[in-house]
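Next one to model:
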Amino acid sequence: MSQVFFLAIIGYLSGSIPFSYLIPKVKGIDIRRVGSGNVGGTNVLRNLGGVLGFITMTLDGFKAFVPMLIASLFFGLPQEKLIVIGFFAAIGHSYSIFLKFKGGKAVACTVGTLTGLKGWFLPLFLAIWTPIVLLTKYVSLASIITVAVMDLIVFLVSGIEAGFWIFALLLFTIFRHRENVQRLLRGEERKTDLIAAFKKKRDH
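Okay, the predicted model is just below:
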């Protein structure tokens with residue numbers, strides 16, 4: 001139990017590193033005062049362009065993936081212990097100790113957690129997520145659907161325990177996107193054009 005608690009703390013602290021806040025801050029921008037005000041990769045992508053959005057999302061994913069990788073390679077921890085790190089990294093991202101317990105919606109951290117379980121989960125996630133965003137332009141919808149599909153795959157590939165952890169992340173994803181879901185139902189959700197975002201240039 002003490003080891004699980006320690007891993008949860010490691011995951012939480014790693015997840016709390018606010019890359020979605022720090023990357024825009026380098027350019028003199030407080031992302032909390034831009035667009036939706038959400039400290040997450042999607043808000044960076046929408047307002048600062050695809051390149052910075054991609055960098056931010058990647059670093060947010062690393063917050064879960066890197067400590068899981070270290071724990072696996074250097075300490076030989078099994079899958080059921082590794083996923084604890086990833087889960088709490090997602091919690092830390094959303095409720096960062098460095099941002100007065102505020103943060104993003106943890107999708108990138110969830111992707112990092114999936115990648116920490118199986119490397120090929122990353123391209124599979126992107127293969128599902130990207131077409132949905134391109135077709136609908138709704139990142140929130142794509143994220144919820146893709147995490148749900150990946151959870152089914154995790155149950156089949158990685159077992160019941162890992163599947164339940166990812167199911168918990170799915171519920172957390174839905175909870176963090178609850179306002180997006182309400183806007184989707186009202187037809188008022190913000191759209192994100194990925195292609196336009198990567199063409200976008202903004203000088204600061």
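
Show me where the chain dips below the pLDDT cut-off.
1, 200-204 (pLDDT under 70).

what comes up buried for the lengthiest helix in it?
Scanning the chain for the helix with the most residues, using DSSP state H, yields helix 50-75. Applying a neighbour-count criterion of 16 or more other C-beta atoms under 10 Å, the buried positions in helix 50-75 are 50, 52-57, 59-69, 71-72. All C-beta spots, glycine's among them, are computed from the backbone N, C-alpha and C.

Could you look up the next helix or strand downstream of it?
helix 79-94 (DSSP states H and E).

helices and strands around that following helix, which ones?
Applying 3 or more C-beta pairs under 8 Å, 6 or more residues apart in numbering; DSSP states H and E, one finds that helix 79-94 makes contact with helix 2-16, helix 50-75, helix 107-117, helix 160-176.

And for the closest residue to residue 184 other than its chain neighbours, the neighbour number?
The shortest distance from residue 184 to any residue that is not its chain neighbour, by C-beta to C-beta, 6 or more residues apart in numbering, is 6.1 Å, and that residue is residue 141. Counted with other C-beta atoms under 10 Å, the neighbours of residue 141 add up to 17.

can you confirm residue 141 is in a helix?
Yes - Residue 141 sits within a helix when classified using DSSP: H, G, I helix; E, B strand; the rest coil.

Just list the residues touching it, thanks.
Contacts here follow C-beta atoms under 8 Å, 6 or more residues apart in numbering; on that basis residue 141 touches 132, 180, 184, 189.

What's the separation between it and residue 191?
When distance is defined by C-beta to C-beta, to the nearest Å, residue 141 is 10 Å away from residue 191.

which parts of stretch 91-106 are buried?
Burial within stretch 91-106, assessed by neighbour count using 16+ other C-beta under 10 Å, is assigned to 91-96, 99, 103-106.

Please apply the same query to stretch 123-130.
For stretch 123-130, burial by neighbour count (16+ other C-beta under 10 Å) applies to 125, 128-129.

Just give me the closest of these to residue 196.
Checking the buried residues of stretch 123-130 against residue 196 by C-beta to C-beta gives residue 129 as the nearest, at 17.5 Å.

tell me the phi and psi of that closest one?
According to degrees, to the nearest 10, the main-chain angles of residue 129 amount to phi -70, psi -50.

Could you find the closest non-adjacent residue to it?
Excluding its sequence neighbours, the residue lying closest to residue 129 (C-beta to C-beta, 6+ apart) is residue 146, at 4.3 Å.

Neighbours of that neighbour, how many?
Neighbours of residue 146 under the rule other C-beta under 10 Å: 26.

Identify the residues contacting the residue nearest to residue 66 when sequence neighbours are not counted.
Ranked by C-beta to C-beta, 6+ apart and with sequence neighbours excluded, the top spatial neighbour of residue 66 is residue 14, at 7.4 Å. The contact partners of residue 14, by C-beta under 8 Å, 6+ apart, come to 63-64, 66-67, 85, 89, 92.
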